[in-house]
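Q: Sequence and computational prediction follow.
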There are 4 protein chains.
Amino acid sequence: MNAVLPNRFASPEESIAYMRKVAIGRSGFSTWLDVEPVTVWEGTSELTLTLRPEMTQHHGYAHGAIVGLMADNACAWAGASVAGDVVTGGYTIDFLRPAKGERLRARGQVVKAGKRQVVVRADVWAESEGAEPVHVAVAQATIVPTGIVPS
Amino acid sequence: MNAVLPNRFASPEESIAYMRKVAIGRSGFSTWLDVEPVTVWEGTSELTLTLRPEMTQHHGYAHGAIVGLMADNACAWAGASVAGDVVTGGYTIDFLRPAKGERLRARGQVVKAGKRQVVVRADVWAESEGAEPVHVAVAQATIVPTGIVPS
Amino acid sequence: MNAVLPNRFASPEESIAYMRKVAIGRSGFSTWLDVEPVTVWEGTSELTLTLRPEMTQHHGYAHGAIVGLMADNACAWAGASVAGDVVTGGYTIDFLRPAKGERLRARGQVVKAGKRQVVVRADVWAESEGAEPVHVAVAQATIVPTGIVPS
Amino acid sequence: MNAVLPNRFASPEESIAYMRKVAIGRSGFSTWLDVEPVTVWEGTSELTLTLRPEMTQHHGYAHGAIVGLMADNACAWAGASVAGDVVTGGYTIDFLRPAKGERLRARGQVVKAGKRQVVVRADVWAESEGAEPVHVAVAQATIVPTGIVPS
């Protein structure tokens, strides 16, 4: 499950640069969110998001759609590290605890990289300065390679 | 599956007013999105969202998290119509087609209203003036009543 | 969502005969279960299963894996009606009530028939002579065409 | 995610004995399958199943419902280790590869043990003498404690 997968990018720096330019830079929503890529390499991903008041639901926690976005992005970016340009086919998310904190962190891990479909698992945590990260969601997704060469 | 369910609100107008005041008005994210409730009654829901450039992913379509938000909201609001204040326990979404259009429309339908858990299905469409609506996603969710009395 | 889909079989009788010969006849498990196909046509499916004591879980109801099999089969067969030979890519099932009865009935409905993937929804009911059918599970699946021509 | 969870059984041997007596012994289906519990302890589970010809689908592999049963059982038993008597609320399974082999092995790991709901992840492998195990499925489930005291 943790086998090192062949990369679609030449280096960890190049994959991060691609995410900034394409997945974030060309996406109005990811730009508005200001998602920060930390790692996109060998079938794994890590990203963070600083929470702002306009990202909350009616109890004051991070909105489920924002937590879902982090899980979805973690899966898509882990998939992209081995498959280049991708779209999300579908995902399942279970919310574990209220997403209360200053920042969300998500990590994705490719489970199986097929030609037609990449299966990925992700976890999302809520973090606050000086406190233990709180595990707020688990997800499982199928990511579909588009066949478009990253550029 | 389409049995009329007992409502938690006195009238369709009251449930819509509650959604505007609480689910949207107290949620920074729903306010930013400007989601519009159409129906929240007898275990069903309908809502629309006018798409803006800051809601797109890198191919220019509505971002999956926005489509997911609409499915999640449709499930939560259909659940709220019979269970009052709720949170989403988890959901599964499958994306059918690119969400390209001027507006998203989502509908939710409660399948089973249990005390501890409400199971709901939802559909999301992308709409453009003068064109047939395009079915872009299907979802299935478990919605958890919080026991908080709507006010 | 209920558009009539092009069939992969020449007639409803032919598709049923194929299910009996291949999906059931060549499957040790389906033969042991003795699943009965009712309809496999135009993106829909219906099948029944007479429950036996060796199909129960420890509370005496039909085992979740048996209910899951009915949902999975309903999805796969609805998919097969429009795509020929298929395998299940994955599915989500939510159990609504204990599956207590003499017989299970499942129905599947294709939501989107793509070349690489068919998305299907299914419902399962438990039935007993002289009683209303009880809705016991809802499912959503992705079915993958193998490209093998039915024969 | 791998925190040691409080057990509902006095020892690993006692939890295995309970699984044999109740989860398997009182379930017609699990008895027919002859599922073998290996570990049920501290929020984790492991079980094996020797494959027989009456467990196959039409391509000769283990039937998806059998793989699903192993994933479901792994989740339920991992949940039972910390919550006593349980039922499965729902699960999502993604199939990675054909389940071809002499034996299936499944492992479950509790992610969050709540009072009303336990979230669990599971993996299933197909094994054959002298060959590397093949990872055939990943699942994510919500397990519901019944409140019945194990006996």
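A: Nice, I can see it.
Q: What parts of chain A come near chain B?
A: A:22-23, A:25-32, A:52-59, A:63-66, A:68-69, A:72, A:87-95 (CB under 8 Å from any CB of the partner chain). For the C-beta atoms, the positions are set from N, CA and C on the backbone; glycine is no exception.
Q: Looking at the residues you listed, which are in helices?
A: When these are checked against helices (DSSP state H), the matches are A:28-32, A:64-66, A:68-69, A:72.
Q: Who are the contact partners of residue A:88?
A: Residues in contact with residue A:88 (CB atoms under 8 Å, 6 or more residues apart in numbering or on different chains) are A:72, A:75-76, A:141-144, B:64, B:95.
Q: Kindly report the same for residue A:102.
A: For residue A:102, the contact set (CB under 8 Å, 6+ apart) comprises A:50-51, A:127-129.
Q: For chain C, see how far away it is.
A: Between residue A:102 and chain C the computed distance is 33 Å (CB to the nearest CB, to the nearest Å).
Q: Could you check the pLDDT of that residue?
A: We have a pLDDT of 96 for residue A:102.
Q: Need the phi and psi values for it.
A: For residue A:102, the backbone dihedrals are phi -90, psi -20 (criterion: degrees, to the nearest 10).
Q: can you check residue A:51 too?
A: Dihedral angles for residue A:51 - degrees, to the nearest 10 - are phi -80, psi 140.
Q: what does chain A have sitting close to chain C?
A: Going by CB under 8 Å from any CB, the residues of chain A near chain C are A:89-90, A:92, A:116-117, A:142, A:144.
Q: sorry, back to before: out of the contacts of residue A:102, who's nearest chain B?
A: When the contacts of residue A:102 are ranked by distance to chain B (CB to the nearest CB), residue A:51 comes first, at 9.7 Å.
Q: distance of the closest residue to that closest one other than its chain neighbours from chain C?
A: Leaving aside its sequence neighbours, residue A:51 sits nearest to residue A:62 (CB to CB, 6 or more residues apart in numbering or on different chains; 5.5 Å). Residue A:62 is 24 Å from chain C, where distance means CB to the nearest CB.
Q: what are the bridge partners for residue A:62, then?
A: Beta-bridge partners of residue A:62, counted by DSSP bridges, are residue A:56.
Q: Show the contacting residues for it.
A: Counted by CB under 8 Å, 6+ apart, residue A:62 has contacts A:51, A:55-56, A:99-101, A:104, A:126, A:136.
Q: make it 7 Å
A: A:51, A:55-56, A:99, A:104, A:126 (CB atoms under 7 Å, 6 or more residues apart in numbering or on different chains).
Q: Which helix or strand contains the residue most central in space within chain A?
A: Nearest to the geometric centre of chain A sits residue A:74, at 1.7 Å (CA atoms, centre = their mean). Element membership for residue A:74, per DSSP states H and E: helix A:64-83.
Q: Give me the contacts around stretch A:21-29.
A: Against stretch A:21-29 from outside (CB under 7 Å, 6+ apart): A:30-31, A:35, A:77, B:53-58, B:63, B:65-66.
Q: Now neighbour count too, for the residues you listed, in JSON lines please.
A: Shown next, in JSON lines, are those (neighbours: other CB atoms under 10 Å in any protein chain shown):
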{"residue": "A:30", "neighbour count": "26"}
{"residue": "A:31", "neighbour count": "14"}
{"residue": "A:35", "neighbour count": "23"}
{"residue": "A:77", "neighbour count": "30"}
{"residue": "B:53", "neighbour count": "10"}
{"residue": "B:54", "neighbour count": "16"}
{"residue": "B:55", "neighbour count": "23"}
{"residue": "B:56", "neighbour count": "22"}
{"residue": "B:57", "neighbour count": "25"}
{"residue": "B:58", "neighbour count": "19"}
{"residue": "B:63", "neighbour count": "27"}
{"residue": "B:65", "neighbour count": "27"}
{"residue": "B:66", "neighbour count": "24"}
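Q: Quick one: those residues as JSON lines, columns for pLDDT too.
A: As requested, the contacts of stretch A:21-29 are exported to JSON lines (pLDDT from 0 to 100):
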{"residue": "A:30", "pLDDT": "91"}
{"residue": "A:31", "pLDDT": "92"}
{"residue": "A:35", "pLDDT": "95"}
{"residue": "A:77", "pLDDT": "95"}
{"residue": "B:53", "pLDDT": "93"}
{"residue": "B:54", "pLDDT": "94"}
{"residue": "B:55", "pLDDT": "94"}
{"residue": "B:56", "pLDDT": "89"}
{"residue": "B:57", "pLDDT": "86"}
{"residue": "B:58", "pLDDT": "82"}
{"residue": "B:63", "pLDDT": "93"}
{"residue": "B:65", "pLDDT": "91"}
{"residue": "B:66", "pLDDT": "94"}
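Q: Could you list the low-pLDDT ranges of chain A?
A: A:1-6, A:148-151 (pLDDT under 70).
Q: what's across from residue A:110 in the sheet?
A: The partner residues for residue A:110, given DSSP bridges, come to residue A:120.
Q: which residues does residue A:146 contact?
A: Counting by CB under 7 Å, 6+ apart, residue A:146 has contacts A:85-87.
Q: which among these gets closest to chain C?
A: Distance to chain C, by CB to the nearest CB, is smallest for residue A:87 among the contacts of residue A:146, at 11.9 Å.
Q: Beta-bridge partners for that closest one, please?
A: Under DSSP bridges, the beta-bridge partners of residue A:87 are residue A:144.
Q: count of neighbours near it?
A: Look at residue A:87: counted by other CB atoms under 10 Å in any protein chain shown, it has 18 neighbours.
Q: That one contacts residue A:144, doesn't it?
A: Yes: counting by CB atoms under 7 Å, residue A:144 is a contact partner of residue A:87 at 5.3 Å.
Q: OK, contacts around the nearest residue to residue A:133 once chain neighbours are set aside?
A: Nearest residue to residue A:133, sequence neighbours excluded (CB to CB, 6+ apart): residue A:125, at 4.1 Å. Applying CB under 7 Å, 6+ apart to residue A:125 gives the contacts A:105, A:133-136.
Q: Against chain C, how distant is residue A:125?
A: Applying CB to the nearest CB to residue A:125 and chain C gives a distance of 24 Å.
Q: and that residue, what element?
A: Residue A:125 is located in strand A:118-127, with elements delineated by DSSP H and E.
Q: and the direction of that strand versus that of strand D:118-127, what angle?
A: 150 degrees (axes from the mean of the first three to the mean of the last three CA atoms, to 10 degrees).
Q: And strand A:118-127, what's buried?
A: Neighbour-count burial for strand A:118-127 flags A:118-127 (criterion: 16 or more other CB atoms under 10 Å in any protein chain shown).
Q: and which of those is nearest to chain C?
A: Closest to chain C, out of all of these and judged by CB to the nearest CB, is residue A:119, at 8.1 Å.
Q: residues from chain A in reach of chain D?
A: Residues of chain A found near chain D (CB under 7 Å from any CB of the partner chain) are A:1, A:92, A:94, A:96, A:111-112, A:119, A:121, A:135, A:138, A:140, A:142.
Q: which ones among the residues you listed are found in strands?
A: Those of these mapping onto strands are A:92, A:94, A:111-112, A:119, A:121, A:135, A:138, A:140, A:142, per DSSP state E.
Q: Now for those: which two are most distant?
A: A:112 and A:135 (23.5 Å; CB to CB).
Q: So if I had to pick from those two, which one is more boxed in?
A: Taking other CB under 10 Å, residue A:112 and residue A:135 do not tie; residue A:112 has more neighbours (20 against 17).
Q: so who does that one touch?
A: Contacts of residue A:112 by CB under 7 Å, 6+ apart are A:118-119, D:96.
Q: Mind doing that once more with 8 Å?
A: Residues in contact with residue A:112, defined by CB under 8 Å, 6+ apart, are A:118-119, D:96-97, D:135.
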